[in-house]
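A.B. asks: Next comes the sequence, and after it the predicted model I'd like to discuss.
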Amino acid sequence: MSKTLFEKIIDREIPAGFVHEDELCVAIKDVNPQAPMHVLVIPRKPMPRLCDAVPEDQALLGHLLMVANKVAADAGYGEAYRVVINNGAGSGQTVFHLHLHVVGGRPLKWPPG
């Protein structure tokens, strides 16, 4: 099975703007930002979609949210940012490796979409 785009980025086969890296995940600047801050938090563990998570992934999922919080705070948006997870093609997911979008730095409307 071939690697996803994000696996290639994690393995440094494709360059990316890393803003965080630890043993469980990486965070990179989105190449098509939708706001002044648009960072992707990506687990090292290959997981196609959030709905593919298993109970053993609970700590990893919490860690991803904590990293999203740190990334937003480090960028100066710790009080106003949005975290988005697209689950499946019908929601707009295009890379089937779980990732969190951390977006901030402009007014964000509701509902999104």
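C.D. replies: Noted; the coordinates are in hand.
A.B. asks: and the longest strand anywhere in the chain, what other elements does it pack with?
C.D. replies: Counting residues, the longest strand found in the chain (DSSP state E) is strand 37-43. For strand 37-43, the elements it packs on are helix 5-10, strand 25-29, helix 58-74, strand 100-104, judged by 3 or more CB pairs under 8 Å, 6 or more residues apart in numbering; DSSP states H and E. In this view, the C-beta of every residue, glycine as well, is placed from N, C-alpha and C.
A.B. asks: Looking at these, which is nearest to W110?
C.D. replies: strand 100-104 (12.9 Å; CB to CB).
A.B. asks: Would you mind getting the angle between that closest one and strand 37-43?
C.D. replies: 160 degrees (axes from the mean of the first three to the mean of the last three CA atoms, to 10 degrees).
A.B. asks: Please identify the pairing partners of strand 100-104 and their relative orientation?
C.D. replies: Looking at strand 100-104 with DSSP bridges, its partner strands are strand 37-43 (antiparallel), strand 81-84 (antiparallel).
A.B. asks: Let me know the angle separating the first one from helix 58-74.
C.D. replies: Computed by the same axes, to 10 degrees, the angle separating strand 37-43 from helix 58-74 equals 160 degrees.
A.B. asks: could you give me the average pLDDT of the longest strand of the chain?
C.D. replies: Per-residue pLDDT over strand 37-43 has a mean of 98.
A.B. asks: who touches it?
C.D. replies: 6, 9-10, 19-20, 24-30, 32, 60, 64, 67-68, 71-72, 75, 77, 81, 97-105 (CB atoms under 8 Å, 6 or more residues apart in numbering).
A.B. asks: re the thing from before, for the strands paired with strand 100-104, which one ends up most surrounded?
C.D. replies: Compared across those, strand 37-43 shows the largest average neighbour count, a mean of 23 (mean count of other CB atoms under 10 Å).
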